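Asks: mind looking at a prediction? Sequence and model below.
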Amino acid sequence: MAAIPTLLASLKMKPTPRIRPIQRWMSVRPEQSGLPTQRKKVTIQHLHQLRKSGTPITMLTAYDFPTGRACETHNIDMTLVGDSLAQVCLGYDSTTRLTLEEMLHHCRAVARGSRSPFLLADMPFGTYHTSIEDAVRNATRLVSEGGMEAVKIEGGMEVLDVVRRLTNVGIPVMAHVGLMPQRHTMFSGYKVQGRDAATAISILESALALEEAGAFAILLEAIPHKLGAYITSQLRRAPTIGIGAGSQTNGQVLVWDDMLGTWSGHKAKFVRRFGDVRNEIERGVRSYAEEIRARTFPALQESYDMPGEEWDKFVELTEARRVAS
Ligand SMILES: Nc1nc(=O)c2c([nH]1)NC[C@@H]1CN(c3ccc(C(=O)N[C@@H](CCC(=O)O)C(=O)O)cc3)CN21
Ligand SMILES: CC(C)C(=O)C(=O)O
Ligand SMILES: [Mg+2]
């Protein structure tokens with residue numbers, strides 16, 4: 001009997017573990033590594049609480065370890081490995097060029113740098129339309145191989161069955177309506193959606209049906225702000241995340257490269273640059289090349305030295321080598 005209080009006492013004596021930064025070499029998700037987390041893990045329940053309390057949800061895209069880690073460090077609520085990856089990182093002209101393998105490669109990198117944000121990825125074009133079985137198989141790979149917690153899919157009524165099935169097997173789905181970049185060819189470009197009453201109604205009905213089908217959140221892209229606000233007010237449970245959908249959605253998302261000004265392509269109206277990283281990069285690369293050419297880089301303090309007597313010995317040895325040959 002005496003052993004139990006002793007055991008309890010020894011447990012109580014244990015010092016609280018120190019919070020450790022993410023380790024570079026981690027190959028598993030930090031919360032699986034047994035390390036204490038700095039901030040509570042963002043869950044779907046937490047996202048629903050943010051919606052209820054009227055606290056705006058922050059979401060940002062990430063494509064690799066450092067961008068994933070930046071979302072982690074600055075307490076972004078949701079990190080999205082967007083298929084915009086195709087354009088902003090891989091140089092393709094459209095998200096429709098991105099393969100599942102390419103997406104998985106980047107998901108793993110983001111996941112290694114991420115512990116508290118809710119992590120999700122876009123299902124690439126063509127990976128969820130061929131059949132429900134294919135959609136489940138491909139979404140499962142994003143979770144099991146990619147380290148994602150949820151997936152995002154573009155579409156309205158035609159993807160309800162996929163949303164229902166993925167949700168039923170335990171893969172949360174964020175639905176994406178309004179401007180759907182994977183359909184830019186069908187839409188003849190990237191155009192604001194829902195500017196006429198008929199399209200606005202169909203976007204509203206899609207959003208309501210997607211919530212009913214189980215979507216845990218609805219992304220609204222490039223729609224009039226009044227429509228963004230109205231859809232947000234009509235949903236019963238799912239928070240809305242807007243990109244070009246006005247200020248009244250439950251959350252906001254932007255593409256990393258748009259937000260920091262590293263994307264040199266088209267700037268949509270909804271983009272605000274919160275940084276000017278591209279100019280900084282240009283300045284840095286330019287002066288790097290200039291200083292190499294001027295031999296001002298590297299300086300002596302950026303170079304290694306050796307003891308004088310060792311150098312003298314070295315000179316003697318090279319002399320001996322020269323004479324011998
Ligand atoms: N850098 C980047 N940012 C994005 O937001 C983004 C990507 N890439 N790639 C994938 C899709 C494509 N997206 C886009 C691309 C262009 C517009 C755009 O030019 N919209 C026009 C609307 C014109 C109109 O209908 O009047 C705009 O000027 O805002 C919007 C979304 C969103 N996604
Ligand atoms: C623009 C966001 C919402 C997205 O889908 C992406 O980055 O691919
Ligand atoms: Mg996308």
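Replies: That came through, no problem. Ligands and ions are numbered 1, 2, ... in the order given.
Asks: contacts and neighbour counts: CA atoms only from here.
Replies: Noted.
Asks: pLDDT weak spots in the stretch 151-300 of the chain?
Replies: Across the stretch 151-300 of the chain, nothing is flagged by pLDDT under 70.
Asks: mind listing what the residue of it found nearest ligand 2 touches?
Replies: Closest approach between the stretch 151-300 of the chain and ligand 2, counting by C-alpha to the nearest ligand atom: residue 255, at 5.3 Å. Shown in contact with residue 255 (C-alpha atoms under 8 Å, 6 or more residues apart in numbering): 60, 61, 62, 82, 84.
Asks: would you mark the buried spots in the helix or strand where residue 286 lies?
Replies: Assigned by DSSP states H and E, residue 286 belongs to helix 277-293. Within helix 277-293, the residues that count as buried by 16 or more other C-alpha atoms under 10 Å are residue 277.
Asks: what's the mean pLDDT across the helix or strand following that helix?
Replies: Next along the chain after helix 277-293, taking DSSP H and E as the criterion, comes helix 308-324. Mean pLDDT, computed over helix 308-324, is 96.
Asks: out of the contacts of residue 255, who's nearest residue 191?
Replies: Within these, proximity to residue 191 (C-alpha to C-alpha) peaks at residue 84, which comes in at 16.2 Å.
Asks: I figured the closest one hits residue 93, correct?
Replies: No - look at residue 84 against residue 93 with C-alpha atoms under 8 Å: they stay out of range, at 10.0 Å.
Asks: so those two - more neighbours on which side?
Replies: Ranked by neighbour count (other C-alpha atoms under 10 Å), residue 84 and residue 93 place residue 84 first, with 25 against 12.
Asks: in the helix or strand residue 48 falls within, what's buried?
Replies: Under the criterion of DSSP H and E, residue 48 resides in helix 44-53. Neighbour counts over helix 44-53 (16+ other C-alpha under 10 Å) mark 44, 47, 48, 50, 51 as buried.
Asks: which neighbours in the sheet does the helix or strand following that helix have, and how are they oriented?
Replies: Counting by DSSP H and E, the next helix or strand C-terminal to helix 44-53 is strand 57-61. Applying DSSP bridges to the sheet, strand 57-61 is found paired with strand 78-81 (parallel), strand 251-254 (parallel).
Asks: which residues touch strand 57-61?
Replies: Contacts to strand 57-61, defined as C-alpha under 8 Å, 6+ apart, come from residues 47, 50-51, 71, 76-82, 241, 250-256.
Asks: got it, and stretch 132-152?
Replies: If you take C-alpha under 8 Å, 6+ apart as the criterion, stretch 132-152 is touched by 29, 100, 104-108, 111, 118-123, 127-129, 161-162, 165-166, 171-176.
Asks: and these, which of them are in strands?
Replies: Among these, the residues falling in strands (DSSP state E) are 118, 119, 120, 121, 122, 173, 174, 175, 176.
Asks: tell me which residues touch the residue of the stretch 101-250 of the chain found nearest ligand 3, please.
Replies: Proximity of the stretch 101-250 of the chain to ligand 3 (C-alpha to the ion) peaks at residue 122, 5.6 Å away. For residue 122, the contact set (C-alpha under 8 Å, 6+ apart) comprises 80, 81, 82, 83, 151, 152, 153.
Asks: how about the last one, secondary structure?
Replies: Local secondary structure at residue 153 is given as strand here, using DSSP: H, G, I helix; E, B strand; the rest coil.
Asks: thinking it is in contact with residue 174, fair?
Replies: Yes - counting by C-alpha under 8 Å, residue 174 is a contact partner of residue 153 at 6.6 Å.
Asks: wait, doesn't residue 220 sit right on residue 174?
Replies: No - counting by C-alpha under 8 Å, residue 220 does not reach residue 174; the two are 10.4 Å apart.
Asks: who has more neighbours, these two?
Replies: residue 220 (30 against 27).
Asks: give the burial count for the residue nearest to the more buried one when sequence neighbours are not counted, as a bare number.
Replies: Sequence neighbours aside, residue 242 is the residue nearest to residue 220 in space, at 4.8 Å (criterion: C-alpha to C-alpha, 6 or more residues apart in numbering). A count of nearby residues for residue 242, using other C-alpha under 10 Å, gives 29.
Asks: ok, residue 242 - contacts?
Replies: Residues near residue 242 by C-alpha under 8 Å, 6+ apart: 219, 220, 221, 228, 249, 250, 251, 252, 253.
Asks: who in the stretch 151-300 of the chain is up against ligand 1?
Replies: Within reach of ligand 1 by C-alpha under 6 Å from any ligand atom, the stretch 151-300 of the chain has these residues: 181, 190, 191, 192, 255, 258, 263, 268, 269, 270.
Asks: what sits against the third one?
Replies: Residues in contact with residue 191 (C-alpha under 8 Å, 6+ apart) are 179, 222.
Asks: swap in the second one?
Replies: The contact partners of residue 190, taken as C-alpha under 8 Å, 6+ apart, are 179, 181, 184.
Asks: between those residues, which is closest to residue 206?
Replies: residue 179 (12.8 Å).
Asks: leaving out sequence neighbours, find the closest residue to that closest one.
Replies: Spatially, and ignoring its direct neighbours in sequence, residue 179 is nearest to residue 221 (5.1 Å; C-alpha to C-alpha, 6+ apart).
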